[in-house]
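Novice: Dropping the sequence and predicted coords here.
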Amino acid sequence: MNTLLLRPTDVLFFRDGRPMSGSLAGHTAAWPLPDVTNHALHAALHRADLDQHTSEKLHHHRRRRSGQYSEARDRKFGSLLTAGPFPVDASGRWFFPRPKDAQIECSAAVTLQPVGAPATGAASDAWHGSSLPSPLAYAVANTRPPAKDAGGEPWISAEAFAVYLQGKSSPSSSHFLRDESIADKEANFGIAIDPDTQTAGQGTAARQIYTAHYLRLREGYRLGLLAKAEDKDFRHPQHGCDLVAALLHGHPGQIVVGGQQRVCTAELSRLPALPLPRGLAGGFQQITRAGVHSWLVKWVLLSPAIWPEIPAGTSKRGTATRFHPGGWLPNWICPQTGAVLLRAVDEAERRRRRQLNAAGEGYQTDAGNAGEIPARLVAAIVPKPLVVTGWALPSPLDPGRTAGGGAKSTHLAVPAGAVYYFTAPSAEAAVKLAAALNWHGSAHGVDIANRRSTLLGEKGYGLGVCGTWQFIGDVA
């Protein structure tokens, strides 16, 4: 994937769908969500008119919504995949949201752990009769004394994240940042504009003002973005099918990011490996309780994830679906038992599928195509949700939207830093689970293999890394 560093030329404006009038600022200075930079890059590709400036043509595909396809092929850049943005300092160091089970300033030490019965306890030491939501079995408690200033800096470097996952000693304080170290928030007032007349002081905008907060990055800090758009019909003489490289063409370009047409200068580079923290692929903590062996795996979100409610009925493919509450609980977790519903596909099966795809033939998935991952969710730390929404432009060719456009569906996303705790009955099962949850899978981190968000995964939602954990009082 391409690595893009976005340097704002002015303050940036980001907002969600909450009201912004009078004294309400509408949360307009939060760190941008992944879909914001994805939409910005998508718009930049449209503005570039790549198929007009070269003899090469772009692949066009049909519009689709709710399983319905339009007849016209007028959509472009459907192959765009992004991840980020993440803060990057002047030295090129990338920072990521702090895991919610590490709550000490200037440290990556784990302070929150699941609470279970001693290792010599009964066969089942789950908190039966507690108020924990199904399917959780263990509560998570603090191992440190209560303190007013708990939580730690919200951003930690990739090096500190690796230390956190490996359980080693903490790095220096330069690997931990607060929001004010990265950017300042500037407040300003504005006058509302009537949408019909595009003038102020008339119609619905009469005597209407609003308060807005703007994000001004400090000197040397940039927004780090990973992007890839490989078009199968586009053949650039220098960049091949890479649309992102063709967009910037080896030179810094300008991209409009966020609201109010704020501009960022984008610089492109290629790294031998992606600058995201890499999760553990093995060596997970093992415990034995009442003669039962378990391997402990935890999954930490690097980016937000959206898991919608799924009603019972029939899916778009005609298969029967069961009700799933979604929300904080991943859709690939059974809401009754906590069992992982993902399946592991071995290399032989992957090779067979690639051969069928190359021959233009489809393949059917069943229980024989992929093996189950015998693991179970037992605990979780989930912060308050993030509001994800947007606005759709008029699209008369899209049968699933109104001709006049309008507000998109509002989703509540699980924030980055959330931690999910799993148990596996064998070391092999733990390795399979890590390969299914780590963003890099079982590869070396040159591409993103897993995006575990049900919605907006192509926009960078649902990236995570795996580590290990232990119960309070247990010794590693």
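Specialist: Nice, thanks for sending it over.

Novice: the strands in the stretch 351-476 of the chain, which residues?
Specialist: All strands of the stretch 351-476 of the chain, identified by DSSP state E, counting those that start in this stretch, fall at 371-372, 376-381, 386-388, 391-392, 406-407, 411-413, 419-424, 464-467.

Novice: for the ones you listed, which one sits closest to Thr319?
Specialist: With respect to Thr319, and counting by Cβ to Cβ, the nearest of those is strand 371-372 at 17.6 Å. C-beta coordinates here come from the backbone N, C-alpha and C atoms, glycine included.

Novice: With respect to Gly116, which of the strands of the stretch 351-476 of the chain lies nearest?
Specialist: Using Cβ to Cβ, the nearest of the strands of the stretch 351-476 of the chain to Gly116 is strand 376-381, at 8.8 Å.

Novice: Quick one: list the elements packing against that closest one.
Specialist: Taking 3 or more Cβ pairs under 8 Å, 6 or more residues apart in numbering; DSSP states H and E as the contact definition, the neighbouring helices and strands of strand 376-381 are strand 112-114, strand 140-142, strand 419-424.

Novice: Give me the phi and psi for Glu159.
Specialist: Per-residue torsions, Glu159: phi -70, psi -40 (degrees, to the nearest 10).

Novice: okay but it is in contact with Phe176, surely?
Specialist: No - counting by Cβ atoms under 8 Å, no contact exists between Glu159 and Phe176, whose distance comes to 10.8 Å.

Novice: For these two, indicate the residue with more neighbours.
Specialist: Comparing Glu159 with Phe176 by other Cβ atoms under 10 Å, the one with more neighbours is Phe176, at 23 against 16.

Novice: can you pull the contacts of that one?
Specialist: With contacts defined as Cβ atoms under 8 Å, 6 or more residues apart in numbering, the neighbours of Phe176 are Arg98, Glu105, Cys106, Ser107, Gly152, Glu153, Trp155, Ile156, Ser157, Ala160.

Novice: Which members of those are the farthest-apart pair?
Specialist: The most widely separated members of the contacts of Phe176, counting by Cβ to Cβ, are Glu105 and Ser157 (14.5 Å).

Novice: More neighbours: which of the two?
Specialist: Here Glu105 and Ser157 are set side by side on neighbour count (other Cβ under 10 Å), and the busier one is Ser157, at 22 against 13.

Novice: Read off the pLDDT value for the residue nearest to the more buried one when sequence neighbours are not counted.
Specialist: For Ser157, ignoring the flanking residues on the chain, the nearest one in space by Cβ to Cβ, 6 or more residues apart in numbering is His175 at 4.1 Å. Confidence per residue is given as pLDDT, and for His175 that number is 91.

Novice: In this model Ile156 seems to touch His175, though I could be wrong.
Specialist: Yes - under the contact definition of Cβ under 8 Å, His175 touches Ile156, with a separation of 6.1 Å.

Novice: Now do the shared contacts for the two.
Specialist: By the contact definition Cβ under 8 Å, 6+ apart, His175 and Ile156 are jointly contacted by Ala108.

Novice: Compare those two (neighbour count), which wins?
Specialist: Set side by side, His175 and Ile156 give different neighbour counts by other Cβ under 10 Å, the larger being at Ile156 (27 against 21).

Novice: For the residue of the chain positioned farthest from its centre, give me its contacts.
Specialist: Within the chain, Gln202 marks the point farthest from the mean C-alpha position, 41.1 Å out by Cα atoms, centre = their mean. The neighbourhood of Gln202, defined by Cβ under 8 Å, 6+ apart, consists of Asp194.

Novice: Okay, it and Val140: tell me how far apart.
Specialist: Per Cβ to Cβ, to the nearest Å, Gln202 is found 55 Å from Val140.

Novice: again with Lys76
Specialist: 46 Å.

Novice: From Ala416, how far out is Ser107?
Specialist: Using Cβ to Cβ, Ser107 is found at 19 Å from Ala416.

Novice: Mind checking which of the two has more residues around it?
Specialist: Relative neighbour count places Ala416 above the other of Ser107 and Ala416, with 26 against 21, counting by other Cβ under 10 Å.

Novice: And for that one, nearest residue in space, chain neighbours not counted?
Specialist: Among residues not flanking Ala416 along the chain, Pro97 sits closest, at 3.9 Å (Cβ to Cβ, 6+ apart).

Novice: For the one you found, list each beta-bridge partner.
Specialist: The bridge-partner assignment for Pro97, based on DSSP bridges, gives Trp155.

Novice: Local confidence estimate at it?
Specialist: For Pro97, the pLDDT comes out at 96.

Novice: ok, now which ones touch it?
Specialist: Pro154, Trp155, Ile156, Leu301, Leu302, Pro415, Ala416, Gly417.

Novice: Can you report how many residues neighbour the last one?
Specialist: Gly417 is surrounded by 22 other residues when neighbours are defined as other Cβ under 10 Å.

Novice: how many neighbours does Ile255 have?
Specialist: Neighbourhood size, Ile255 [other Cβ under 10 Å]: 21.

Novice: Find the helix or strand that it is a member of.
Specialist: Using DSSP states H and E, the element containing Ile255 is strand 253-256.

Novice: Pairing partners for that strand, with directions?
Specialist: Strand 253-256 has the following strand partners under DSSP bridges: strand 263-269 (antiparallel).

Novice: After the partner strand, which helix or strand is next?
Specialist: Note on strand 263-269: by DSSP H and E, the next helix or strand toward the C-terminus is strand 285-289.

Novice: got the CA positions of that following strand in PDB?
Specialist: Taking only C-alpha atoms (Å, rounded to 0.1, in the frame of the first residue of the first chain), the coordinates of strand 285-289 have been written out as PDB:
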ATOM      1  CA  GLN A 285      -0.300 -17.300  27.700                       C
ATOM      2  CA  GLN A 286      -1.500 -20.800  28.800                       C
ATOM      3  CA  ILE A 287      -3.500 -21.500  32.000                       C
ATOM      4  CA  THR A 288      -4.900 -24.700  33.500                       C
ATOM      5  CA  ARG A 289      -8.000 -24.700  35.500                       C
END
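
Novice: mind listing what that strand pairs with, with the direction of each?
Specialist: Assessed with DSSP bridges, strand 285-289 is paired to strand 292-301 (antiparallel).

Novice: May I see the buried residues of the strand it pairs with?
Specialist: Within strand 292-301, the residues scored as buried using 16 or more other Cβ atoms under 10 Å are Ser294, Trp295, Leu296, Val297, Lys298, Trp299, Val300, Leu301.

Novice: Report the residue spans of the stretch 101-250 of the chain with pLDDT below the cut-off.
Specialist: Low-confidence regions of the stretch 101-250 of the chain, defined by pLDDT under 70, span residues 117-130, 169, 204-205, 250.

Novice: Helices along that one, start to end?
Specialist: 158-166, 179-182, 243-248 (DSSP state H, counting those that start in this stretch).

Novice: Val378 is nearest to which of these?
Specialist: Between Val378 and the helices of the stretch 101-250 of the chain, the tightest spacing by Cβ to Cβ is seen for helix 158-166, at 19.2 Å.

Novice: and the closest one with strand 292-301, angle?
Specialist: What separates the directions of helix 158-166 and strand 292-301 is an angle of 160 degrees, with axes from the mean of the first three to the mean of the last three Cα atoms, to 10 degrees.

Novice: Run through the neighbouring helices and strands of helix 158-166.
Specialist: Of the remaining helices and strands, those touching helix 158-166 by 3+ Cβ pairs under 8 Å, 6+ apart are strand 95-97, strand 464-467.
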